[in-house]
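Fold the following, please.
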Amino acid sequence: YMRDIEKQLDDMLKSLNLVIVVLIISAGMLAFVVLYNLNTVNITERQRELATLKVLGFYDLEVAEHVYRENVLLTFIGAAVVVLGKFLHAFIIDTVEVDTAMFGRNINFSSYMYSLLFTILFSLIVNGIMYFKLKKIDMVESLKSIE
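Residues are numbered from 1 along each chain as shown. The predicted structure follows:
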């Protein structure tokens, strides 16, 4: 009887590991898409302001740094909210648990650090991609008066 329970638990954990990998990959893709979308909207809404900075003689890197400061600040604010994941973790563990198996309820500090590092990495990648979009801002077209 104990071997049957042990085999069932091993099978369940193998399946759960696959689900966890899929969730991690999906979360990474979602983070990338959200950051890219936020940066695109930010640049589109401030196109006239950024074009004005370029007309005034700012270099492309200086204009990009102007946008990056805000993005980095928002990234760190969003990363600080990762502590709310503790409540989501408790909910998931309560939902997934079965009568024959009990899962751990603690989250290692390294997990928080990994999530912080991945968030910063995705933010840096998106900022790098946005640099080329910032370079392509047409100063003349952006500064035409809206009629």
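
So what's the residue count around Leu38?
16 (other C-beta atoms under 10 Å). All C-beta atoms are positioned from the backbone trio N, CA, C, and that covers glycine.

average pLDDT for the biggest helix by length in the chain?
Longest helix in the chain by number of residues, with DSSP state H as the criterion: helix 2-45. The pLDDT scores in helix 2-45 average 87.

repeat for stretch 97-106
Average pLDDT, stretch 97-106: 73.

could you check the angle helix 2-45 makes with the helix or strand harbouring Gly85?
For Gly85, the host element (DSSP states H and E) is helix 85-96. Here the directions of helix 85-96 and helix 2-45 differ by 140 degrees (axes from the mean of the first three to the mean of the last three C-alpha atoms, to 10 degrees).

For the following helix or strand past helix 85-96, name the packing helices and strands.
Next helix or strand after helix 85-96 toward the C-terminus (DSSP H and E): helix 109-135. When contacts are defined as 3 or more C-beta pairs under 8 Å, 6 or more residues apart in numbering; DSSP states H and E, helix 109-135 packs onto helix 2-45, helix 60-80.
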